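> for reference, the sequence and a predicted model appear below.
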Amino acid sequence: QLQLVESGGGLVQPGGSLRLSCAASGVSFDGYAIAWFRQAPGKEREGVSCITSTAASTYYADSVKGRFTISRDNAKNTVYLEMNSLKPEDTALYYCARSPYVYCVGYDKRYYEMNYWGKGTLVTVSS
């Protein structure tokens, strides 16, 4: 069975850090770009970050640039999102998704092309 499972979310104070993981079972990450999206209550889904199949390139939304870092371990079929200096506006349900492509260009606008999604992990940034 094809499955993506996110983990690592939780409640953190502003300025804190979290590390999200996206693990795949029954489906390979190798050879495909992987992206993180988030959706806050009452807001549209937002592309947060993407990493190409070889990890040669990474992409970030302007709102998280300099604070978030995406990485991947193809041997473990896992992608990570390191989140630092968290802000209340980072509060959202975070999803990972596997792209059908090796590249990330336009991933944030082409979320409908992602062919596998996880169920999400909740990140709450609050004092």
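Yes, it's here.

> from here on, just use CA atoms for contacts and neighbour counts.
Will do.

> just confirm residue 55 is within a strand.
No. Secondary structure assignment (DSSP: H, G, I helix; E, B strand; the rest coil) places residue 55 in coil, not in a strand.

> that one: what's it in contact with?
71-72 (C-alpha atoms under 8 Å, 6 or more residues apart in numbering).

> give me the nearest residue to residue 108, chain neighbours excluded.
Excluding the flanking residues, the one nearest residue 108 by C-alpha to C-alpha, 6 or more residues apart in numbering is residue 47, at 4.4 Å.

> ok, residue 28 next?
Closest to residue 28 by C-alpha to C-alpha, 6+ apart is residue 77, at 6.5 Å.

> the one you found: how many residues sit nearby?
Neighbour count of residue 77, defined by other C-alpha atoms under 10 Å: 16.

> my read: it touches residue 23, true?
Yes. In this structure, residue 77 is within contact of residue 23 by C-alpha atoms under 8 Å, at 6.0 Å.

> since that was my last question, I'll sign off now.
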